[in-house]
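Student: this one's structure only:
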């Protein structure tokens, strides 16, 4: 095909899913000429799986995105159907916001934002190749023969690369929601030396709401006081969700038809997600479990489609209908979309550095499911970081590197680029060593400065944060300083909560640190409590209640930082370090970790290997000093 040179770009973003949207917006808002390429303009910001944003661990990512200047949280707030704080009965470290969202309205919101963003072009075209010269990206080519010269490109291909959809014996080359697959780009990436692997994910059926008997299901309302992502604005729950369960008859049908599932027939070779398995995998993995929970969730205000979360499957359509019709409330449901599994190409993320740039190709970045992760929130967070760093590279400025001790985003990027992943990676609160520091309520405190520095957070938003942060600090100082006088109301409250009366009164901070007592309880005993926003109140209460634990975790972060800051020279020859085990030499030579901290987290590198490395670094530094004398 004859090619022609199209307009020059600073940054080309390939794929307009959740990663691509955040990457493109970040680049354009930082003033770079950006093009966002998509296979179809009709599915920009599509939610091919569950119509929700947030969840356990994932909610933390959205709060962090919002603090850095990303768009996902704002979009979710705008189209929210229901808001629930998961793990609310547990400690604040694991509180995770999940929002049911309007799928079509979310797409419309994101497309509108992209179309109205300066410096950004939204283009429907399939990118079929990247061009690389001497290890440097020079541009991208489309199926229409256009070559776009570009300084950087960000691969946000989601599940589209050489994708295949499976419904029992029916196998088709297609992307999510039966879109066109991107078959040619994979070969171009391989030719450029990029290692690709094969992963798999899937979705459940969607059924017509009028054919569902909600009256026999468990009602799941939203929270009485719904919370938004990064905002204290008032919110209203608009639609409920429901819960039902599989049963032994459901399980029997699945077991009898396993031979027709491509997961078990050998047709699917890609690795699926451990934490979001298909229903047939659940039945096989947990044979003694009598039932599995199914969440029945609305897809939007203006649609009758209902999503059956927990019933992801690749079984044939006739079997899917049989098993779904055994479930209470779904006996007569009418299918609107059949469940399917999808298999796709993605990269081995250990080829990326902490900026999400490929180590061997300057200017080429990866984000989202292309990097081996699973989920909208993981994708969006990577897209934002890749976009920021691509823009900074174009500007000749230092990159943005987030650490494990200051963000879940940094934890995720460190996990996938240093440890790698042999299955679709999902963020969970258990991934972090510093959960109490990385709460949802303090995301702005941790990260908004970075967003302001790169130009994604406005002066007004930053000033609002500083004002609230001042209020928080002043209130903590007040509570540490003041004392609750003895009173009948105080003694009555203490007795009700299982404590002895306080005839001499009690310090306000000491009162708050006691289990089962809250800041609201304290304010109820005060004559004129301060008028603080809900978010400031949450931060005050958490920081006082968990002050000792927070201090200990901060000390751990500082100890970790010393090792993390110990840099490894890029020209250090690991193969020449005789004390290293062979496996460690190979892994270190292949991954080229920038710091000792990263080296310590590479699978196959032992603490003894790290000791040898530290001795070698000390000798390396001494040798440099001797040469400079």
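Tutor: In hand now; what should we look at? A quick note: this is a predicted structure, and the numbers were derived from the prediction, not measured. Residues are numbered from 1 along each chain as shown.
Student: low pLDDT regions in this protein?
Tutor: Filtered on pLDDT under 70, the chain yields the residue ranges 621-629.
Student: What is the neighbour count of residue 574?
Tutor: Each residue near residue 574 was counted by other Cβ atoms under 10 Å, and the total is 21. Backbone N, C-alpha and C define where each C-beta goes, glycine included.
Student: can you tell me which residues contact it?
Tutor: The contact partners of residue 574, by Cβ atoms under 8 Å, 6 or more residues apart in numbering, come to 580, 584, 585, 588, 589.
Student: Pretty sure the third one sits against residue 579.
Tutor: In this case it means residue 585. No: between residue 585 and residue 579 there is no contact under Cβ atoms under 8 Å: 10.0 Å.
Student: For those two, indicate the residue with more neighbours.
Tutor: The residue with more neighbours, out of residue 585 and residue 579, is residue 585; 19 against 13, by other Cβ under 10 Å.
Student: Could you say which helix or strand holds that one?
Tutor: helix 582-591 (DSSP states H and E).
Student: which other residues reach that helix?
Tutor: Residues from elsewhere that reach helix 582-591 (Cβ under 8 Å, 6+ apart): 350, 418, 574-575, 577, 580, 598-599, 602-606, 609, 613.
Student: from the middle of its chain, how far away would the very next helix or strand once past it be?
Tutor: Remark: after helix 582-591, the chain's next helix or strand is helix 596-600, criterion DSSP H and E. On the basis of Cα atoms, centre = their mean, to the nearest Å, helix 596-600 sits 23 Å off its chain's mean C-alpha point.
Student: Also stretch 152-162?
Tutor: 17 Å.
Student: still on that earlier bit, which of the contacts of helix 582-591 fall within helices?
Tutor: Judged by DSSP state H, the subset of those located in helices is 598, 599, 609, 613.
Student: Pick out the most distant pair among the residues you listed.
Tutor: Farthest pair in the ones in helices among the contacts of helix 582-591 (Cβ to Cβ) is 598 and 609. Separation: 13.1 Å.
Student: Quick check: what element follows the longest strand along the chain along the chain?
Tutor: In the chain, taking DSSP state E as the definition, the longest strand is strand 146-155. Per DSSP H and E, the first helix or strand lying C-terminal to strand 146-155 is strand 164-167.
Student: what packs against that following strand?
Tutor: In terms of contacts (3 or more Cβ pairs under 8 Å, 6 or more residues apart in numbering; DSSP states H and E), strand 164-167 is packed against strand 170-173, strand 340-347.
Student: Put together JSON lines for the ones you listed, with distance to residue 258 on each row.
Tutor: Output for the helices and strands packed on strand 164-167, formatted as JSON lines (distance: least, Cβ to Cβ, whole Å):
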{"stretch": "strand 170-173", "distance to residue 258": "17"}
{"stretch": "strand 340-347", "distance to residue 258": "14"}
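Student: Tell me the buried residues in the helix holding residue 585?
Tutor: 584, 585, 587, 588, 591 (16 or more other Cβ atoms under 10 Å).
Student: again with stretch 390-402
Tutor: When neighbours are counted by 16+ other Cβ under 10 Å, the buried residues of stretch 390-402 are found to be 390, 391, 392, 393, 394, 400, 402.
Student: Distance of the closest residue to residue 480 other than its chain neighbours relative to residue 496?
Tutor: Distance criterion Cβ to Cβ, 6 or more residues apart in numbering; nearest residue to residue 480, sequence neighbours excluded, is residue 509 at 4.7 Å. Note on residue 509: its distance to residue 496, by Cβ to Cβ, to the nearest Å, is 21 Å.
Student: what do you get for residue 339?
Tutor: Distance from residue 339 to residue 496, by Cβ to Cβ: 50 Å.
Student: out of these two, which sits in the more crowded spot?
Tutor: Legend: neighbour count by other Cβ under 10 Å for residue 339 and residue 496, higher for residue 339 (23 against 10).
Student: Do I have it right that the more buried one meets residue 312?
Tutor: Yes: distance between residue 339 and residue 312: 6.2 Å, which falls inside the contact criterion (Cβ under 8 Å).
Student: Touching both of those two, which residues are there?
Tutor: 202, 203, 204.
Student: tell me which of the residues you listed is nearest to residue 281?
Tutor: Set against residue 281, the nearest of the shared contacts of residue 339 and residue 312 by Cβ to Cβ is residue 202 (9.6 Å).
Student: Look up how far residue 209 lies from the closest one.
Tutor: Taken as Cβ to Cβ, the span from residue 202 to residue 209 is 22 Å.
Student: what's the answer for residue 215, then?
Tutor: Look at residue 215 and residue 209: by Cβ to Cβ, they are 13 Å apart.
Student: quick one: which of these two has more around it?
Tutor: When residue 215 and residue 209 are compared for neighbours, residue 209 comes out ahead with 17 against 8, by other Cβ under 10 Å.
Student: gap between residue 291 and residue 314?
Tutor: Here the criterion is Cβ to Cβ. By it, residue 291 lies 21 Å from residue 314.
Student: Pretty sure residue 397 sits in a strand.
Tutor: No: using DSSP: H, G, I helix; E, B strand; the rest coil, the assignment for residue 397 is coil, not a strand.
Student: hey, where'd the strands end up in the stretch 401-550 of the chain?
Tutor: 483-484, 506-507 (DSSP state E, counting those that start in this stretch).
Student: Who are the packing partners of the longest strand of the chain?
Tutor: strand 4-5, strand 9-14, helix 18-29, strand 136-142, strand 364-366, helix 376-395.
Student: Does residue 200 touch residue 268 like I think?
Tutor: Yes: assessed by Cβ under 8 Å, residue 200 is found in contact with residue 268 at 5.5 Å.
Student: Please enumerate the shared neighbours of the two.
Tutor: 341, 343.
Student: the more surrounded of those two?
Tutor: Neighbour tally, residue 200 and residue 268, criterion other Cβ under 10 Å: the higher count belongs to residue 200, 24 against 21.
Student: so what's the more buried one closest to, chain neighbours aside?
Tutor: Using Cβ to Cβ, 6+ apart and skipping the chain neighbours, the partner closest in space to residue 200 is residue 270 (3.5 Å).
Student: now residue 87
Tutor: residue 94 (4.5 Å).
Student: Please name the residues that touch that neighbour.
Tutor: Neighbours of residue 94 in contact, by Cβ under 8 Å, 6+ apart: 56, 87, 429, 435.
Student: now do residue 307
Tutor: So residue 307 contacts 50, 51, 204, 206, 295, 296, 297, 298, 299 (Cβ under 8 Å, 6+ apart).
Student: redo that, cut-off 10 Å
Tutor: 47, 49-52, 100, 103, 203-207, 241, 295-299, 337 (Cβ atoms under 10 Å, 6 or more residues apart in numbering).
Student: Need the phi and psi values for it.
Tutor: Dihedral pair for residue 307: phi -100, psi 130, per degrees, to the nearest 10.
Student: Leaving out sequence neighbours, find the closest residue to it.
Tutor: residue 297 (4.6 Å).
Student: okay but that neighbour is in contact with residue 222, surely?
Tutor: No: under the criterion of Cβ atoms under 10 Å, residue 297 is not in contact with residue 222, lying 11.7 Å apart.
Student: Common neighbours of these two, please.
Tutor: Residues touching both residue 297 and residue 222 comprise 81, 82, 100, 239, 240, 241, with contact defined as Cβ under 10 Å, 6+ apart.
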